[in-house]
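[1] Okay, predicted coordinates and the sequence, questions at the end:
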Amino acid sequence: MAEDLLDTIGQLFGPVRGGLAYAAVLVGALLAATTGVVAASVIAMGLISLPIMMRYNYNRGFATGTIAASGTLAQIVPPSLVLIVMADQLGRSVGDMYVGALLPALVIISAYCLLVFAVTIIKPHWAPALPPETRTLGGGVTSLVLLLVASVGIYLATYHTVFAEMRSEVRLVWAATTATVFALALSLANRHLKLNILSRLAEQVVIVLIPPLALIFLVLGTIFLGIATPTEGGAMGATGALVLALVKRRLSFSVLKQALDATTKLAAFVMFILIGARVFGLTFYGINGNVWIEELLLALPGGEIGFLLTVTVIVFILAVFSTSSRSPSSWSRSWCPPPRRSAST
């Protein structure tokens, strides 16, 4: 799914300088919203997008920085694993943490896109546009815009007529589902029946983007609308992922076993983090460390702005010296083939 997303969005932004970088940021955000785990997003983006960006003469530092930044969006984009841990430590519900993190996540994604735009203005050779011969899907943005307008019209019409007697949350869900099904059905019919109503680009964008967006809605949309709790939303997301794997003919016993193993390890990992944090917190409170930290932060100059700046700097310094249990070099050793030995050696 990540490979299809990157290829399609890259084709969509192909004529624009930095198109692959925009695609990396957007795909990183979509992967973050579907996985919630940083390692999965970073590894997937690194393996898929970096060779493509290098192939089209992107600056190496700019490409790797874009991938690293977009891959770590899973730290803030709901359903983030970090937000679940913070919810336990702060005594707030997971749903409240998701709602509170949504706007900052959108701000960070927008800032990344603005940074890519600034780099394409200052250093255009760092992020060139795709050559015309590589845009296999051709043009057709107008067709995509018209389809989007038609879907919005169907949403508004069904929201105010067909589903007018339902509650606002249920009306929104059913109206959005109707508009989405219309766009997907039209794209599938255009592909298989050769209707030539939509361009290849519009058809591919709709077919590739709707499944992950539907998966995101199953998890986050149902939570934000109050239809499901975070636990129920997670179950709906897992069911939706299984259905997507089955539709794409990727579901097998080995894949299911691998997913169960990864989920069990992740759950155990989170539980041990919570246990360790609880032990540390009790010890810290026992020596009145919370009072010392509170007085220190209240004594900072600048009020709220000074507090935010100080905490940001402290977190940045701590992040510089923090390391993962598995280094990037070990990742590269795990998937890179061994170098060939020359005849002289």
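    Yes, it's here.

[2] For the rest of this, base every contact and every neighbour count on C-alpha atoms.
    Fine.

[3] residue boundaries of the helices in the stretch 1-150 of the chain?
    In the stretch 1-150 of the chain, the segments counted as helices under DSSP state H, counting those that start in this stretch are 2-12, 19-35, 38-55, 60-71, 81-90, 94-122, 141-160.

[4] what inclination does the fifth one have with respect to helix 19-35?
    For helix 81-90 against helix 19-35, the angle by axes from the mean of the first three to the mean of the last three Cα atoms, to 10 degrees is 50 degrees.

[5] Please write out the alpha-carbon positions of helix 81-90 in PDB.
    Coordinates of each C-alpha in helix 81-90 appear next as PDB, following Å, rounded to 0.1, in the frame of the first residue of the first chain:
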ATOM      1  CA  LEU A  81       1.700   4.900  20.400                       C
ATOM      2  CA  VAL A  82       3.300   7.900  22.200                       C
ATOM      3  CA  LEU A  83      -0.200   9.400  22.700                       C
ATOM      4  CA  ILE A  84      -1.400   6.200  24.400                       C
ATOM      5  CA  VAL A  85       1.500   6.200  26.800                       C
ATOM      6  CA  MET A  86       1.000   9.900  27.500                       C
ATOM      7  CA  ALA A  87      -2.700   9.400  28.100                       C
ATOM      8  CA  ASP A  88      -1.900   6.900  30.900                       C
ATOM      9  CA  GLN A  89       0.700   9.100  32.500                       C
ATOM     10  CA  LEU A  90      -1.400  12.300  32.300                       C
END
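
[6] Low-confidence stretches in the stretch 101-250 of the chain?
    In the predicted model, the stretch 101-250 of the chain carries pLDDT under 70 at residues 135-139.

[7] Distance of the nearest residue to Leu144 once chain neighbours are set aside relative to Pro211?
    The shortest distance from Leu144 to any non-neighbouring residue, by Cα to Cα, 6 or more residues apart in numbering, is to Ala202 (4.6 Å). Ala202 sits 15 Å away from Pro211, going by Cα to Cα, to the nearest Å.

[8] Glu133 too?
    Where Pro211 is concerned, Glu133 sits at a distance of 28 Å (Cα to Cα).

[9] got the contact list for the residue nearest to Leu144?
    140-141, 143-144, 187 (Cα atoms under 8 Å, 6 or more residues apart in numbering).

[10] switch the cut-off to 7 Å
    140-141, 143-144 (Cα atoms under 7 Å, 6 or more residues apart in numbering).

[11] re the thing from before, who wins for proximity to Ile317 among the helices of the stretch 1-150 of the chain?
    Closest to Ile317 of the helices of the stretch 1-150 of the chain, according to Cα to Cα: helix 60-71, at 17.0 Å.

[12] tell me the angle the closest one makes with helix 94-122.
    Using the same axes, to 10 degrees: helix 60-71 against helix 94-122 is 160 degrees.

[13] so how far is Ile227 from Leu220?
    For Leu220, the distance to Ile227 - Cα to Cα - is 10 Å.

[14] My error: substitute Ser70 in the last question.
    30 Å.

[15] Comparing the two, which shows the higher neighbour count?
    Ser70 (29 against 14; other Cα atoms under 10 Å).

[16] quick one: that one from Ala150, how far?
    The value you get for Ser70 to Ala150, if Cα to Cα is used, is 31 Å.

[17] quick revisit: so the residue nearest to Leu144: helix, strand or coil?
    helix (DSSP: H, G, I helix; E, B strand; the rest coil).

[18] again with Phe163
    Once three-state DSSP is applied, Phe163 turns out coil.

[19] okay, now it: neighbour count?
    There are 17 residues near Phe163, going by other Cα under 10 Å.

[20] Apart from its chain neighbours, what residue comes closest to it?
    Nearest residue to Phe163, sequence neighbours excluded (Cα to Cα, 6+ apart): Arg171, at 5.5 Å.

[21] Let me know the helix or strand that the one you found is in.
    Arg171 belongs to helix 168-192 when assigned by DSSP states H and E.
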